[in-house]
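[1] 3D, please:
(2 chains)
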Amino acid sequence: MDEDKRIILKDINVRYRGADDFQLKHVNATVTAGKIIGIIGNSHSGKSTLCRVLGGVIPNIISAEIDGTCNLLGYSPKDDWQAFNASTGVVLQNPAGQLSGLADTVADELAFDLVNQGLPASFINKRVANVAAQMGLTAQLGQSPESLSGGQMQRLAIGTAIVTQPKILIMDDPTSEMDPVGRKQFFGWLDTVQDTTVFIVSSEIDDLCEVADSIWILKDGELIVHGSPEKVFNHLSAQWRIPEPTAYQLAQRMNWRLDDNRYPVTSAELKEAFDAQN
Amino acid sequence: MPKIELHHLQFSYPEKSFNLAVENQVFADSMAAIVGQNGAGKSTIFKLLTGLLKATTGTIKVNGTELGELKPADRLKTIGITFQNPDDQLFNATVKREVEWSLSQISSDKAINSQRADQVLEKVGLTEKAEENPYDLSLSERKLLTVATVLAVDPAVYLFDEPMMSLDWPSKQMLTDIFHELSADGHQVITITHDMDWVAAEFSSVAVMEHGRIKFTGAPRELFGDRDLVQRVGLLPPKIMALTQMLGDPKTYLSPEDYQVKHQNM
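    Numbers count the residues shown, from 1 in each chain, chains lettered A, B, ... in the order given. Next up, the predicted model:
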């Protein structure tokens, strides 16, 4: 397959300045464009560092020792920074920290990158309205970003990341401050995203299993397993200390299995296993 | 068990349309959760309980004594809080000094404070980070540090605002164990959370807030058994119930284990 239709990580090693240990160690993976990758792992597993590498934040904004190859849709963060940057939308762990701080209103914040690109006002207004509707922020367009709740702030950060229609979206724990309904709406929205490769770090295992094509588990900086949610959770080691999806826990307790003898991890698979048993 | 009583409590922020109004509310359970949508008034209640905000009208009593009548040190021993954002309460140069600073508000014995700080840092798994700057810790470690600062003071009532946010699974397990220990030791633990699975599985009582009002207080099984109420106040049932309802079972289950127990006994 063409390099420009894949995301390739080849033997990525990252160490921050002054740190003794590497935060990422020999990370290798290839992703076909358009897939959703759910990234999970405990503290210090390297999830946020991986997001920074995928977004080009390392090495372009945060200086760190990095080797290996990172190639996103044919662009390298070192050699093609402008094109790389234009292809990616990044949502960091602290949403307030990535807002411009210059915008008086949510609408201005959403428009910020588009205005900087010199796009026509009519296009900007239409795009801002569209993104606000997707993120459920239409009623807040005239409010100051500082007046938003934590969950709304996260939705605004996602809005600013998608407003330029990036080909790759990288999100580090984007629902941590959302209430249950907000979280459900977010994952419902994510399920509708098309023609975009998504890397999402989240501890919402159940939601990730519903939307992700692949789950990556990081431990101590290493990508220890990756594959379909069903495959990954059916081969979980207790030593990794990763929680199992609720569907999996229920099926295991009730011994409801799929045709291939595995336990289900999504609600649709649970229904299949339940029907086969009952 | 400490008893918190709120009577005719009213509060509003300047230049905001939000109004909090709590007529009569008693917190007397050892493990109580406060749930509700963003902006429902959950954190405002906590700020009123700790005196960070002053109610326009009404009273807050702990074990019969009005909160405002307590001396500062007694107040710290009565109610302790961890904020949603740990960075709102961390300002010392090292992790250990952060805990010692909290202790210095109630005790001037530096040797004892140092010993106590070591104990609570061990409890939350931060012993190895004791000499680091809090801002060199990960977000989840900073959250655990704020928990340590309150554990050190050991108030009668613990208020935790979204303690699980950004914590990894092992830390969530550890914190849940700590909460149960506190509760078994006669403390009251009141927690704001969006995690309905956790509320369903671990808490004895839950209060639901909406638009500055408390709309429900009772056991999690009672709350999640009332589908209309759950929907009306903008909550979701625990994930186990979303799954069992999808399987055509309308009953209330609080965890996969709860489902298994009920079906083994059938």
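
[2] how much space is there between the most centrally placed residue in chain A and A:Gly188?
    In chain A, the centroid-proximal residue (C-alpha atoms, centre = their mean) is A:Ile200; its distance is 1.8 Å. Distance of A:Ile200 to A:Gly188, given as C-beta to C-beta, to the nearest Å: 14 Å. Every C-beta, even on glycine, is put in place using the N, C-alpha and C of the backbone.

[3] chain neighbours aside, what residue packs nearest to the residue nearest to the centre of chain A?
    The shortest distance from A:Ile200 to any non-neighbouring residue, by C-beta to C-beta, 6 or more residues apart in numbering or on different chains, is to A:Met171 (4.7 Å).

[4] quick one: contacts of the helix or strand that neighbour falls within?
    Element membership of A:Met171 [criterion: DSSP states H and E] is strand A:168-172. Residues outside strand A:168-172 that contact it (C-beta atoms under 8 Å, 6 or more residues apart in numbering or on different chains) are A:7, A:47-48, A:51, A:54-55, A:72-73, A:87-93, A:158, A:161-162, A:193, A:196-202.

[5] could I get it in CSV with only the CA atoms?
    Backbone C-alpha positions of strand A:168-172 (Å, rounded to 0.1, in the frame of the first residue of the first chain) are rendered in CSV as follows:
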residue,chain,number,x,y,z
ILE,A,168,-5.5,12.5,11.5
LEU,A,169,-7.0,13.3,14.9
ILE,A,170,-5.0,12.6,18.1
MET,A,171,-6.9,12.9,21.4
ASP,A,172,-5.4,12.4,24.8
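
[6] so what strands line up beside it?
    Sheet pairing for strand A:168-172, assigned by DSSP bridges, gives strand A:88-91 (parallel), strand A:197-201 (parallel).

[7] can you read off the pLDDT for the residue nearest to A:Ile200?
    Predicted confidence (pLDDT) at A:Met171: the value is 97.

[8] likewise for the one 5 residues further on?
    Note on A:Ser176: pLDDT of 88.

[9] may I have the strands that pair with the helix or strand harbouring B:Leu159, each with its orientation?
    Counting by DSSP H and E, the element that carries B:Leu159 is strand B:157-161. Here strand B:157-161 is paired, per DSSP bridges, with strand B:79-82 (parallel), strand B:188-192 (parallel).

[10] how about the residues of chain A by chain B?
    Contact residues, chain A versus chain B (C-beta under 8 Å from any C-beta of the partner chain): A:41-44, A:93-94, A:149-152, A:173, A:176-184, A:203, A:206, A:241-243, A:246-247, A:249-250, A:253-254, A:267, A:270-271, A:274.

[11] PyMOL command for the buried members of these?
    This is how PyMOL selects the buried members of the residues of chain A next to chain B, with burial counted by 16 or more other C-beta atoms under 10 Å in any protein chain shown:
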select buried, chain A and resi 41+42+43+44+93+94+149+150+151+152+173+176+177+178+179+180+181+182+183+184+203+206+242+243+246+247+249+250+253+254+267+270+271+274
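
[12] output stretch A:26-45 as PDB, nothing but the C-alphas.
    C-alpha atoms of stretch A:26-45 as PDB (Å, rounded to 0.1, in the frame of the first residue of the first chain):
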ATOM      1  CA  HIS A  26      10.900   0.300  20.300                       C
ATOM      2  CA  VAL A  27       7.300   1.200  19.300                       C
ATOM      3  CA  ASN A  28       6.500  -0.400  15.900                       C
ATOM      4  CA  ALA A  29       3.100  -0.200  14.200                       C
ATOM      5  CA  THR A  30       1.400   0.500  10.900                       C
ATOM      6  CA  VAL A  31      -2.100   1.800  10.600                       C
ATOM      7  CA  THR A  32      -4.200   2.100   7.500                       C
ATOM      8  CA  ALA A  33      -5.800   5.500   7.000                       C
ATOM      9  CA  GLY A  34      -9.300   5.900   8.300                       C
ATOM     10  CA  LYS A  35      -9.000   3.500  11.200                       C
ATOM     11  CA  ILE A  36      -9.800   4.300  14.900                       C
ATOM     12  CA  ILE A  37      -7.100   3.300  17.300                       C
ATOM     13  CA  GLY A  38      -7.900   3.100  21.000                       C
ATOM     14  CA  ILE A  39      -4.800   3.500  23.200                       C
ATOM     15  CA  ILE A  40      -4.900   2.300  26.800                       C
ATOM     16  CA  GLY A  41      -2.300   1.800  29.600                       C
ATOM     17  CA  ASN A  42      -1.600   2.800  33.100                       C
ATOM     18  CA  SER A  43       0.300   5.900  34.400                       C
ATOM     19  CA  HIS A  44       3.800   6.300  32.900                       C
ATOM     20  CA  SER A  45       3.000   3.800  30.200                       C
END
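
[13] quick one: mean pLDDT for it?
    Mean predicted confidence for stretch A:26-45 is 96.

[14] what sits against A:Ala268?
    Applying C-beta under 8 Å, 6+ apart to A:Ala268 gives no contacts.

[15] near chain A, which residues of the stretch 101-250 of chain B?
    Contact residues (C-beta under 8 Å from any C-beta) of the stretch 101-250 of chain B with chain A: B:138-141, B:162, B:165-166, B:168-171, B:194, B:196-197, B:234-236, B:239-240, B:242-244, B:246-247.

[16] confidence score at the nearest residue to A:Trp81 once chain neighbours are set aside?
    Excluding its sequence neighbours, the residue lying closest to A:Trp81 (C-beta to C-beta, 6+ apart) is A:Asn60, at 5.7 Å. On the pLDDT scale, A:Asn60 is placed at 88.

[17] distance of A:Asn60 relative to chain B?
    From A:Asn60 across to chain B, the span is 23 Å (C-beta to the nearest C-beta, to the nearest Å).

[18] ok, that residue to B:Thr149 distance?
    Distance of A:Asn60 to B:Thr149, computed by C-beta to C-beta: 37 Å.

[19] more neighbours, the two?
    Set side by side, A:Asn60 and B:Thr149 show more neighbours around B:Thr149, with 26 against 14, by other C-beta atoms under 10 Å in any protein chain shown.

[20] isn't there a helix covering the more buried one?
    Yes: using DSSP: H, G, I helix; E, B strand; the rest coil, the assignment for B:Thr149 is a helix.

[21] check the gap between it and chain A for me.
    In this view, B:Thr149 and chain A are 19 Å apart by C-beta to the nearest C-beta.

[22] need the contact list for the residue nearest the centre of chain B.
    Closest to where the C-alpha atoms of chain B average out (C-alpha atoms, centre = their mean) is B:Thr191, at 2.0 Å. Applying C-beta under 8 Å, 6+ apart to B:Thr191 gives the contacts B:Met31, B:Ala32, B:Ala33, B:Ile34, B:Leu159, B:Phe160, B:Asp161, B:Pro163, B:Phe179, B:Phe203.

[23] got the domain ranges for chain B?
    According to automatic domain parsing, chain B comprises the domains B:1-63+B:156-237, B:84-154.

[24] can you map out the strands along chain B?
    B:4-12, B:19-27, B:31-35, B:57-62, B:65-66, B:79-82, B:157-161, B:188-192, B:205-210, B:213-218 (DSSP state E).

[25] partners of the fourth one in the sheet?
    According to DSSP bridges, strand B:57-62 has the following sheet partners: strand B:4-12 (antiparallel), strand B:65-66 (antiparallel).

[26] likewise for the last one?
    Paired neighbours of strand B:213-218 in the sheet (DSSP bridges): strand B:205-210 (antiparallel).

[27] can you give me the angle the partner strand makes with strand B:19-27?
    170 degrees (axes from the mean of the first three to the mean of the last three C-alpha atoms, to 10 degrees).

[28] in a markdown table, list the contacts of B:Thr191 along with neighbour count.
    Formatted as a markdown table, these follow (neighbours: other C-beta atoms under 10 Å in any protein chain shown):
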| residue | neighbour count |
| --- | --- |
| B:Met31 | 21 |
| B:Ala32 | 20 |
| B:Ala33 | 26 |
| B:Ile34 | 26 |
| B:Leu159 | 26 |
| B:Phe160 | 25 |
| B:Asp161 | 22 |
| B:Pro163 | 27 |
| B:Phe179 | 22 |
| B:Phe203 | 23 |
